[in-house]
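In: what follows is a predicted protein model with its sequence.
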Amino acid sequence: MQYHPNFFDGGDAHRQDCHDRLKILKSYIQEGSLLDVGCSEGFNTFGLEEECDGAMVAFDSIPELIEECNLTRQKYGGKMEFRVQGLADFLKEDTRTWDSILFLSVHHHLIEQSGMEEAGRLLRDLSTRGTQMFFDMGQKDEEGCEEHGWWQMLPKRGGVEEKEWLWLYLSSNTNYRRIDVIWSFPIHGTQRLLWRMS
């Protein structure tokens, strides 16, 4: 890996889930183009550069995070493009399709900002742009999140298990035929599910 040694070495046990998730992503992403929605500091974007031989675009709505991404790219190199942008604006301005889309820990924030209906519409639009998508979001069974707006906006499950509800939600709000859980990680007293859709 060409980036600074502490970026991908997995030495920070507190964030081991990020390193483990990156390993899972690498097992499914072997080539092609990549779109990273809500890229934060670019950990997954930089981590997948060797696997992706096509265009790489990553964006986040927080300018300070994209500034950090660009500083890392300037220092260590890299072919990826980083943008300060929200998903709705990106989908209006960029009509490309992608071999792989990362949509990780972002959707529940869209629900809080725009409501369930608009978040679902954006997810449907995004799903038409990618051959495969990797997805996770905040879940109703996460402890200590009751005061967050996104948690309050998620509907009650009515006895339906979290995994089943999420599968139904994703099948109703994407164009993908195959929707599978490929991994889970501990957070807020539960296991947050990582989905692959294709």
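Out: Looks like it came in fine.
In: now do the helices in the protein.
Out: Counting by DSSP state H, one finds helices in the chain at the ranges 5-8, 16-28, 43-47, 63-76, 87-93, 107-114, 116-127, 149-153, 162-173.
In: can you name every helix or strand that the fourth one contacts?
Out: Going back to what we said before, that points to helix 63-76. Under the contact criterion of 3 or more C-beta pairs under 8 Å, 6 or more residues apart in numbering; DSSP states H and E, helix 63-76 touches helix 43-47, strand 56-60, strand 81-84. Every C-beta, even on glycine, is put in place using the N, C-alpha and C of the backbone.
In: who wins for proximity to Thr72 among the ones you listed?
Out: Of all the helices and strands packed on helix 63-76, helix 43-47 sits nearest to Thr72, with 6.7 Å by C-beta to C-beta.
In: and the closest one, which residues are buried?
Out: By 16 or more other C-beta atoms under 10 Å, the buried positions in helix 43-47 come out as 43-47.
In: and the contacts of that helix?
Out: The contact list for helix 43-47, computed with C-beta atoms under 8 Å, 6 or more residues apart in numbering, reads 1, 3, 7-8, 18, 21-22, 25-26, 34, 36, 39, 56, 58, 69, 72-73, 78, 80, 82, 102, 104.
In: right, and Asp53 touches Glu31 too?
Out: Yes - counting by C-beta atoms under 8 Å, Asp53 touches Glu31, with 5.3 Å between them.
In: more neighbours: which of the two?
Out: Asp53 (14 against 11; other C-beta atoms under 10 Å).
In: rewinding a little: and among the helices of the chain, the most buried is which?
Out: helix 43-47 (a mean of 23; mean count of other C-beta atoms under 10 Å).
In: related to what we said a few turns ago, could the helices and strands packed on helix 63-76 go into TSV alongside mean pLDDT and distance to Gly149?
Out: Listed next are these as TSV, based on pLDDT from 0 to 100; distance: least, C-beta to C-beta, whole Å:
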stretch	mean pLDDT	distance to Gly149
helix 43-47	93	25
strand 56-60	98	19
strand 81-84	98	23
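In: and Arg178, which of these is closest to it?
Out: helix 43-47 (21.5 Å).
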